[in-house]
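K.L.:
coordinates only, sequence not included:
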């Protein structure tokens, strides 16, 4: 898919700047599959190469000029606030602490009063995709999308499911995980979402973005941005073990 810049503009034009975009990180997961190796803290604080996993996500946001981040916390969320406080480098941090598990969609809806931009950049707190977030943002704005999912290609999609999209990037279908183990495009856990759609998420109950919300948005301006990018999910002991080598390899690039 084309990623060209409009005539007379560039990716650094104010229309494409990320400095005024608020980011939200979904950091409230229970991390049940990871408990055998991360027993005393939430997943986002899992130690990787001497620092919490969340720091790698925040570093990615610092690198593209983001200034405001909302941390949607849940399980042991007080630990997250204790470690990171109200700022990280040049990021201003605020917190939306759920009283009971709300899932990815419910947590995002609960944090809506803290969101300062439209669209919002949303990231899963237990995965990392080594991609150019500025390209992602430019692509979203050029298509006037209501929501864009960042997709990356995997040789084996069985654990993640697949996202099918048309030539123009329009998302057409979601395939549930566990159904097929071939190659395909997966949801990489990074989204640009317009506030109007976030407001539609039901309040005060557990809602899954992946299973309940995104499938309902098909045909309503939902796009998939395809990025050939390295991807890491620390949700299992096996993938968590690979996190150290993953980031070490990135430092050598």
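P.N.:
Happy to help now that I have it. Bear in mind that the values here come from a model prediction, so they are computed numbers and not experimental data. Residues are numbered from 1 along each chain as shown.
K.L.:
Residue 250 is in contact with residue 230, isn't it?
P.N.:
Yes: counting by CB atoms under 8 Å, residue 230 is a contact partner of residue 250 at 7.2 Å. Yep, even glycine has a C-beta here, placed from its N, CA and C like the rest.
K.L.:
what do those two both touch?
P.N.:
residue 130 (CB atoms under 8 Å, 6 or more residues apart in numbering).
K.L.:
Tell me how far the residue nearest to residue 66 when sequence neighbours are not counted lies from residue 187.
P.N.:
Once flanking residues are discounted, residue 66 sits nearest to residue 23: 5.1 Å by CB to CB, 6 or more residues apart in numbering. Distance, residue 23 to residue 187, using CB to CB, to the nearest Å: 17 Å.
K.L.:
again with residue 70
P.N.:
Residue 70 is 21 Å from residue 187, by CB to CB.
K.L.:
Not counting its neighbours along the chain, what's nearest residue 227?
P.N.:
That would be residue 131: by CB to CB, 6+ apart, it lies 4.5 Å from residue 227.
K.L.:
for the one you found, what are its contacts?
P.N.:
150, 152, 188, 190, 227, 229.
K.L.:
out of those residues, who's nearest residue 110?
P.N.:
residue 190 (20.0 Å; CB to CB).
K.L.:
Name the SS class of the closest one, please.
P.N.:
Here residue 190 is strand, with the state taken from DSSP: H, G, I helix; E, B strand; the rest coil.
K.L.:
Pairing partners for it in the sheet, please.
P.N.:
residue 123 (DSSP bridges).
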